[in-house]
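1. Quick one: sequence and predicted model below, then my questions.
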Amino acid sequence: MNEILRLVTKHVQPCGESEIVNDLFGLFRQAAACGEIPVVLFCAGSSGAILHGLLARHGIYPVCFCDNNPSRVGKMYCGLPITAFEELKNRHRESLILIASAAYQNFVKKQLLDNGFLAERIITMDTGDPSPDAQIKRERILMLARNGEATKVLDELRNDENRIADAFSLLADEKSKALFVRRLALIASGYENRMYRAFLEDFSEPVLQYGYDNPERFTKPGSYFYFNNDVLRLEDNEVLVDGGAFSGDSTDEFVRACEKNNVRYKHIVCFEPDLSNYGKLIENTSKYRDVTCFHFGLWSHGTTLRFVSSAQTDNYCARIQEAGAAAQVMPDMEIETTGIDGQLSCRDVTFVKMDIEGAEMEAIKGGADTIRSRSPKLALSVYHKTGDLYEIPLLVHQLNPAYRLYLRHFGNYFDDTLLLATV
């Protein structure tokens, strides 16, 4: 084990799985454990498999999965049958339905409520409590479902220890290096409550600015800090490429930051593949000059890909469904993609922001020539997949060794850790 992974391991804390199970089931914990009320896992994907194993270790044995994907119905998953929604309605109206998906829980919960299921027997990975400490508990459940058991995460980090050490060595300041170590340790600790809060208190920019218990910190979303941070400086004639433009929130923050810093931008180029979000983007950016919006997803090249749209998930979770990835919900449309290098509107780019739900590695490849030749400022999300924290810095350095690389955490919770790059 190399020195960097030893540092990570030194910070790792026990997971406390039983607390997570208690948080999930609340007053139904005993009834679920003794089989008095059957438990059904809704969504037969990777999160379902992780939660199935967790529940079994704590004496809760679901009777089946349910899934909206008709190609899964009738098959076995984790040793359990996958039933159709119609069968769920006929046989499990009194069961506890645990929605085994973070991205699609609101969609599935509405589906269940619309079909007469009792709200108190629908269990989501959301506490329903908006207080900061309750949200930390929620994140523990979400991240365990996303990343798997903490011990398995640590095994995966051991397999990548050389790449982890190489990425660590590229970071330009001590704050970045400390964040790198502590974030990996937090993931490998199953988001232990006290450790999670300490991470936010030490690295979250809104928490550092306002304090953990100050609700005013929630007035500063991650998109604000893309353009208001200690690393990247806005200059006259900036050309912004806004990858994952959503409804225009980061474009809004960019324009406001330019005004605050008394600089004049040249052009803004937005990419948003989700149709509903794209419509809002067009409307919300119409008040600004020199904005071009494309109904494309950013990728390594132009192609057609399967996509889970905001018709099936929360708007901010709409995403490309990569080939071979476990499908929590069946993709409901296809989208066209493009690479930054292939877009004439991006030829003078000076600033690239990407928050594209795990597609960042492919999109960076699609901007490789631009990154090599123009060295634009980069603000790239590295939080959607554990490996992004080290794989994305390695890729950026490979493309352009002149960059100085920094990590900053812009979120009020676990989201919005970014790699910032500047020459």
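-> Nice, thanks for sending it over.

2. going forward, measure contacts and count neighbours with C-alpha atoms only.
-> Fine.

3. Show the backbone phi and psi for Pro51.
-> Rather than Pro, residue 51 is Leu. phi -70, psi -30 (degrees, to the nearest 10).

4. Can you name the residues that contact the closest residue in space to Asn284 that isn't next to it in sequence?
-> Counting by CA to CA, 6 or more residues apart in numbering, the nearest residue to Asn284 once its immediate chain neighbours are dropped is Gly248, at 6.2 Å. Taking CA atoms under 8 Å, 6 or more residues apart in numbering, we find Gly248 in contact with Lys280, Leu281, Asn284, Thr285.

5. need these in CSV with neighbour count, can you?
-> Formatted as CSV, the contacts of Gly248 follow (neighbours: other CA atoms under 10 Å):
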residue, neighbour count
Lys280, 14
Leu281, 23
Asn284, 15
Thr285, 20
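
6. Return the closest of the residues you listed with respect to Ile164.
-> Set against Ile164, the nearest of these by CA to CA is Leu281 (37.1 Å).

7. Quick check: Ala84 touching Ser71?
-> No. Contact criterion CA atoms under 8 Å: Ala84 and Ser71 do not qualify, at 10.0 Å.

8. For these two, work out which one has more neighbours and name it.
-> Taking other CA atoms under 10 Å, Ala84 and Ser71 do not tie; Ala84 has more neighbours (17 against 9).

9. Against Val108, how distant is that one?
-> 13 Å (CA to CA, to the nearest Å).

10. Does anything pack onto the host helix or strand of Lys10? Which helices or strands?
-> Using DSSP states H and E, the element containing Lys10 is helix 3-11. Secondary-structure packing of helix 3-11 (3 or more CA pairs under 8 Å, 6 or more residues apart in numbering; DSSP states H and E): helix 161-170, helix 174-188.

11. please redo it, this time with the cut-off set to 10 Å
-> helix 150-159, helix 161-170, helix 174-188 (3 or more CA pairs under 10 Å, 6 or more residues apart in numbering; DSSP states H and E).

12. Quick one: closest of the ones you listed to Glu391.
-> Of those, nearest to Glu391 by CA to CA is helix 161-170, at 7.4 Å.

13. Pull the CA coordinates from that closest one and hand them back as PDB.
-> Only the C-alpha atoms of helix 161-170 are listed here, as PDB (Å, rounded to 0.1, in the frame of the first residue of the first chain):
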ATOM      1  CA  GLU A 161      -3.600   2.900  -5.600                       C
ATOM      2  CA  ASN A 162      -1.000   3.800  -8.200                       C
ATOM      3  CA  ARG A 163      -3.300   6.000 -10.100                       C
ATOM      4  CA  ILE A 164      -4.600   7.600  -6.900                       C
ATOM      5  CA  ALA A 165      -1.000   8.500  -5.900                       C
ATOM      6  CA  ASP A 166      -0.300   9.900  -9.400                       C
ATOM      7  CA  ALA A 167      -3.400  12.100  -9.300                       C
ATOM      8  CA  PHE A 168      -2.600  13.300  -5.800                       C
ATOM      9  CA  SER A 169       0.900  14.400  -6.900                       C
ATOM     10  CA  LEU A 170      -0.600  16.600  -9.600                       C
END
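
14. So what touches that helix?
-> Here helix 161-170 makes contact (CA atoms under 10 Å, 6 or more residues apart in numbering) with 1-6, 155, 157-158, 176-178, 180-181, 184, 387, 389-395, 397, 401, 403-406.

15. What subset of these is buried?
-> Buried by 16 or more other CA atoms under 10 Å: 4-5, 157-158, 176-178, 180-181, 184, 387, 389-395, 397, 403-406, out of those.

16. rewinding a little: quick one, which of the helices and strands packed on helix 3-11 is packed in tightest?
-> Of all those, helix 174-188 has the most neighbours on average by mean count of other CA atoms under 10 Å, namely a mean of 21.

17. now it: how far from the chain's centre is it?
-> Helix 174-188 sits 17 Å away from the centroid of its parent chain (CA atoms, centre = their mean, to the nearest Å).

18. which residues in the stretch 201-350 of the chain form strands?
-> Under the criterion DSSP state E, counting those that start in this stretch, the stretch 201-350 of the chain contains strands at 239-243, 267-271, 291-294, 297-298, 304-308, 319-320, 333-338.

19. How about the stretch 1-150 of the chain?
-> Assigned by DSSP E, counting those that start in this stretch, the strands in the stretch 1-150 of the chain fall at 39-42, 64-66, 76-77, 80-83, 96-99, 122-123.

20. Turn those into a markdown table, including mean pLDDT and mean neighbour count.
-> Compiled in a markdown table, the strands of the stretch 1-150 of the chain are given as follows (pLDDT from 0 to 100; neighbours: other CA atoms under 10 Å):
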| stretch | mean pLDDT | mean neighbour count |
| --- | --- | --- |
| strand 39-42 | 98 | 26 |
| strand 64-66 | 97 | 26 |
| strand 76-77 | 96 | 16 |
| strand 80-83 | 97 | 21 |
| strand 96-99 | 96 | 25 |
| strand 122-123 | 94 | 22 |
